[in-house]
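**Q** what follows is a predicted structure for the sequence shown.
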Amino acid sequence: MYVAVKGGERAILNSYQMLDAYRRGDTALPELTLAQIREQMPLAVSRVMAEGSLYDPHLAALALKQAAGDQIEAVFLLRAYRTTLARFGYTVPVDTGAMRLQRRISSTFKDVPGGQVLGPTYDYTQRLLDFSLESGRDPAPLPPSAEPLPASMPRVTGLLEAEQLVEADEIPAGDPAPPDLTREPLTFPASRAARLQNLARADEGFLLSMGYSTQRGYGNSHPFAAEIRFGSAEVELFVEELGFAVTIGEIELTECQMVSQFTGNADEAPRFTRGYGLVFGYNERKAMSMALTDRAMRAAELGEAGDAPANDIEFMLYHSDNVEASGFVQHLKLPHYVDFQANLELLRRLRGEQEGTNAAAAPADSQSMQPMQPASHLQPQPQEETLA
């Protein structure tokens, strides 16, 4: 905080009021409600929930409103609130194969069991501004579905598994319980479970950039989107007193299964390998980027070259957290007076030594060197309060 300036505490309190006014905007206009944010900005809400590691559309909408639309700040707020919540236990693994689907597509097979379900997507829209939205309008009523979607659809990768053309997706015997990165620090070597957990709440922009890099040759993989699905899945909690699991709610999820070709080696036949992405809410771009980077980080275990940035597990996991990255970058705004003065004095001394050496090496009758003047213009000047 800028408490070193005169009247710093009062200036900070005033900045809070200025922030409130800035966030509210023109008071002649109606204030945004949380219901409006939740229902009309679902993609922003989904991202905040995913990167905030907390599924609660209402709280995500509140965080977005408080942060004036700054998604990273909203993620920070949601994570901070998450730390105050009591922990009752862990739910059983969610069965995404039984999702109540709104969208399900595959770019690997034209005809898949259950069909291609386009659902709500921007994929086929024209990127033109729709000025009819200025005056507000309700969408046209949905046409009646000729056939209701089945309760669940088989996975597209199951077609490849039947021919043993893709690596098995089974939990190995003795597989340890996954770590909880919200309560335990990240350690290396990091298991794939830890990596996936880190990626699930990683910054979407970072993952998008790194996933894109793998497609441009910095990752040695040529992926195919075997299946992308979006829908709702039940969450169950095992109750020891009852001896069975009970459904405690339903959440929206986006899942992506990427497959990449693997040439094989002396011990393994050629086959497709997997990259996996799963995020809260509706966010295909994040799920796809997560799947791409998950596969890239498996290069070493598959015996592939691992010299690209996306192959470097420590680089990926340490730099993907937007809250930590934002904090470290923005800490540069905090006072660094002592450090800067130390660097300033060192620079003056070095410059003085250099000019003294140059003067000694110059001819005796040279009049070109002038005595070094004190750098008074660099001296810190008395500061008055600059914050309103």
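**A** That came in fine, so what should we check first? On a predicted model such as this, the values are computed, not experimentally measured, just so you know.
**Q** give the burial count for the closest residue to Gly52 other than its chain neighbours, as a bare number.
**A** Closest residue in space to Gly52, ignoring its immediate chain neighbours: Leu78 at 3.2 Å, by CB to CB, 6 or more residues apart in numbering. In this view, the C-beta of every residue, glycine as well, is placed from N, C-alpha and C. Using other CB atoms under 10 Å, Leu78 has 23 neighbouring residues.
**Q** the one 3 residues further on now?
**A** Neighbours of Tyr81 under the rule other CB under 10 Å: 15.
**Q** then Leu32?
**A** Neighbours around Leu32, by other CB under 10 Å: 17.
**Q** could you look up the SS state of it?
**A** Per DSSP: H, G, I helix; E, B strand; the rest coil, the local secondary structure of Leu32 is coil.
**Q** might you report the residue contacts of it?
**A** Lys65 (CB atoms under 8 Å, 6 or more residues apart in numbering).
**Q** hang on, the earlier thing: hang on, the residue nearest to Gly52 packs against Val48?
**A** Yes. With contact defined as CB atoms under 8 Å, Leu78 reaches Val48; the gap is 6.0 Å.
**Q** what residues are shared contacts of those two?
**A** Common neighbours of Leu78 and Val48 (CB under 8 Å, 6+ apart) are Ala60, Ala63.
**Q** spit out the contact partners of Val166.
**A** So Val166 contacts Thr157, Leu160, Val259, Arg271, Phe272, Thr273, Arg274 (CB under 8 Å, 6+ apart).
**Q** check the secondary structure at the residue nearest to Gly52 for me.
**A** Leu78 is classified as helix under three-state DSSP.
**Q** where in the protein is pLDDT low?
**A** When residues are selected by pLDDT under 70, those of the chain lie in 1-7, 145-147, 151, 264, 266, 362-388.
**Q** and the longest helix seen in it, what's buried?
**A** In the chain, ranked by residue count with DSSP state H as the criterion, the top helix is helix 337-361. Of all the residues in helix 337-361, not one is buried under the rule 16 or more other CB atoms under 10 Å.
**Q** picking up where we left off before, next up, the contacts around the residue nearest to Gly52.
**A** Val48, Met49, Gly52, Ser53, Leu54, Asp56, Leu59, Ala60, Ala63.
**Q** same question for Ala202.
**A** With CB under 8 Å, 6+ apart, Ala202 has these contacts: Glu51, Met290, Ser320, Asp321, Asn322.
**Q** any chance of CSV for those residues, columns neighbour count, secondary structure and distance to Phe224?
**A** Below are the contacts of Ala202 laid out as CSV (neighbours: other CB atoms under 10 Å; DSSP: H, G, I helix; E, B strand; the rest coil; distance: CB to CB, whole Å):
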residue, neighbour count, secondary structure, distance to Phe224
Glu51, 29, helix, 27
Met290, 32, helix, 16
Ser320, 23, coil, 24
Asp321, 21, coil, 29
Asn322, 20, helix, 29
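**Q** what about the helices in the stretch 251-388 of the chain?
**A** 284-296, 313-319, 322-330, 337-361 (DSSP state H, counting those that start in this stretch).
**Q** Asp294: neighbouring residues, count only.
**A** 24.
**Q** just checking, it touches Gly277?
**A** Yes. Between Asp294 and Gly277 there is a contact under CB under 8 Å: 6.7 Å.
**Q** which helices and strands sit right next to the helix or strand where Ala11 lies?
**A** Using DSSP states H and E, Ala11 sits in helix 8-24. Judged by 3 or more CB pairs under 8 Å, 6 or more residues apart in numbering; DSSP states H and E, helix 8-24 is in contact with no other helix or strand.
**Q** in the next helix or strand after that helix, what counts as buried?
**A** Next in sequence after helix 8-24, counting helices and strands by DSSP H and E, comes helix 34-40. Across helix 34-40, burial judged by 16+ other CB under 10 Å covers Leu34, Ile37, Arg38.
**Q** and if you look at stretch 162-173?
**A** Buried residues in stretch 162-173 (16+ other CB under 10 Å): Val166, Glu167.
**Q** same check on stretch 175-186?
**A** Buried residues in stretch 175-186 (16+ other CB under 10 Å): Pro179, Leu181.
**Q** now the end-to-end length of it.
**A** 19 Å (CA to CA, to the nearest Å).
**Q** name the residues that touch that stretch?
**A** Ser53, Arg82, Arg87, Ser191, Ala193, Ala194, Gln197, Asn198, Arg201, Leu317, Tyr318.
**Q** switch to 10 Å and redo it
**A** 53-54, 79, 82-83, 87, 90, 93, 187, 190-198, 200-201, 314, 317-318, 321 (CB atoms under 10 Å, 6 or more residues apart in numbering).
**Q** can you map out the strands along the stretch 51-200 of the chain?
**A** Assigned by DSSP state E, counting those that start in this stretch, the strands in the stretch 51-200 of the chain fall at 100-105.
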